[in-house]
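Asker: Kindly return the folded structure for what I paste below:
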Amino acid sequence: MSPTTSRRGLLFGTAAVSATAFLAGCTSNEPRDEKPAANDQPSADDKPGKHVTIGFAGPQADHGWLNAINDNAKNRAEKYSDVTLEITEGSNDTAAQIGQIETLINKKVDVLVVLPADGKALTQVGLKAMRAGIPVVNLDRIFNSPQAYRCWIGGDNYGMGLNAGTYIGEQLKDTKGAKVVELAGLDNLELTRQRTQGFDDALRNYPGIKKVARQAAEFTVESGQAKMAQLLQAQPRFDALWNHDDDQGVGALRAIEQAGRDDFLMVGGAGALSAFQAIKQDDGVLKATVLYPPTMAASAIDLARALGRSKGVGGLAEFEIPASLTLYSAVVDKDNVDRYMPTGFR
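Answerer: Purely as a prediction, here's the structure:
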């Protein structure tokens, strides 16, 4: 039964029940046993059903997190016997990615999942797909227009900074004159600005803690090492470091080791396997990392499959999948690292 039919049946059914209940109410006080109509609404599950072809287009996997995005999408699709995944060769060139998406549109895939190299630049091709009747699941980097996608799913950059700052604040709240430094990502990206804003807002809840320095790196091992070396040289004493990205954190940790520093705690970002392993080993400065989970790509495949089968999401009462879904940025430390270890990316 379609959602429209369900609603029509619910309308007339409710009217009939209401009339009957009114008449019964005049002669009886017996309680009524009624089930909400949403209880019968089908939701996507693991059982095979209507076949769905999903087109997947993402940027070049030149970063551990992006490679994990591709792996999560592929592995999730393989889980379903009723899903075929048409995946493009990743590209950071917007013109090339637009061409790849247009090829998927011409193939008439049932649903598109797109992580754009540049959300603004790819908005028009998202609109083209939607106008062609192909629903789009926009993954993480958002298009400029909500008309260019049916559903957006992604991480919470502000929440990532907020949770990193709160974790550090709780660790240092009893340290007199506590100082923190920040190793950010690319400053020309909105996500970097959001992460810093969340971090700063969290620290405002701890008036005894002061952020004394910030350096912007480039999400690479090399830039992390170089910028961390500059921070260490400029700041002879501080109590905590927040590093936005675990890949550049590999370089940051090298600089810290070379400087012979172990007098502060470090919090990372994203959820790399190397960070989880260091946290579990607990013999260095890295004590926690804040997730920006690449498992969002697996969830995007789930949402695309539900769209292709005209079903909602299990556990929710609504007939349709949500319009947007923001993932939580959990803090992983030695107390819960074993739980998250299988999700760590290389």
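
Asker: Show the end-to-end separation of stretch 110-117, please.
Answerer: 22 Å (CA to CA, to the nearest Å).

Asker: I'd like the mean pLDDT over that stretch, please.
Answerer: For stretch 110-117, the mean pLDDT works out to 96.

Asker: Now Thr166. Nearest residue, chain neighbours left out?
Answerer: Ala202 (4.7 Å; CB to CB, 6 or more residues apart in numbering). Heads up, the C-betas are built off the backbone N, CA and C, glycines and all.

Asker: next one: Arg150
Answerer: Distance criterion CB to CB, 6+ apart; nearest residue to Arg150, sequence neighbours excluded, is Pro135 at 4.0 Å.

Asker: And Thr88, by the same measure?
Answerer: Gln100 (4.0 Å).

Asker: Check Val285 too.
Answerer: Using CB to CB, 6+ apart, the nearest residue to Val285 is Met266, at 4.4 Å.

Asker: who touches that neighbour in this structure?
Answerer: Ala240, Leu241, Trp242, Asn243, Gly249, Ala252, Leu253, Ile256, Val285, Leu286, Lys287 (CB atoms under 8 Å, 6 or more residues apart in numbering).

Asker: same question, Trp65
Answerer: Here Trp65 is in contact with Asp245, Asp247, Ala270, Ala272, Tyr292, Pro294, Phe345 (criterion: CB under 8 Å, 6+ apart).

Asker: Over to the last one: give its phi and psi.
Answerer: In this case it means Phe345. Per-residue torsions, Phe345: phi -100, psi 150 (degrees, to the nearest 10).

Asker: That one touches Ala61, doesn't it?
Answerer: No: counting by CB atoms under 8 Å, Phe345 does not reach Ala61; the two are 10.5 Å apart.

Asker: mean confidence for stretch 214-224?
Answerer: pLDDT averaged over stretch 214-224 gives 96.

Asker: If you could redo that for stretch 72-81, that was the one I meant.
Answerer: For stretch 72-81, the per-residue pLDDT averages 96.

Asker: Identify the residues contacting it?
Answerer: So stretch 72-81 is contacted by 46, 48, 54, 56, 58, 83-85, 87, 113, 294-298, 300-302, 305 (CB under 8 Å, 6+ apart).

Asker: One more: stretch 300-308?
Answerer: Under CB under 8 Å, 6+ apart, the answer for stretch 300-308 is 43-44, 50, 52-54, 56, 73, 76-77, 80, 82-83, 85, 110-113, 135, 137, 139, 150-151, 153, 312-313, 321, 325.

Asker: Restrict that stretch to CA atoms and write it as CSV.
Answerer: Only the C-alpha atoms of stretch 300-308 are listed here, as CSV (Å, rounded to 0.1, in the frame of the first residue of the first chain):
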residue,chain,number,x,y,z
ALA,A,300,23.6,6.7,3.1
ILE,A,301,23.4,3.3,1.3
ASP,A,302,20.7,2.2,3.8
LEU,A,303,18.8,5.5,3.2
ALA,A,304,19.1,5.1,-0.6
ARG,A,305,17.9,1.5,-0.5
ALA,A,306,14.9,2.6,1.6
LEU,A,307,14.1,5.4,-0.9
GLY,A,308,14.4,2.9,-3.8
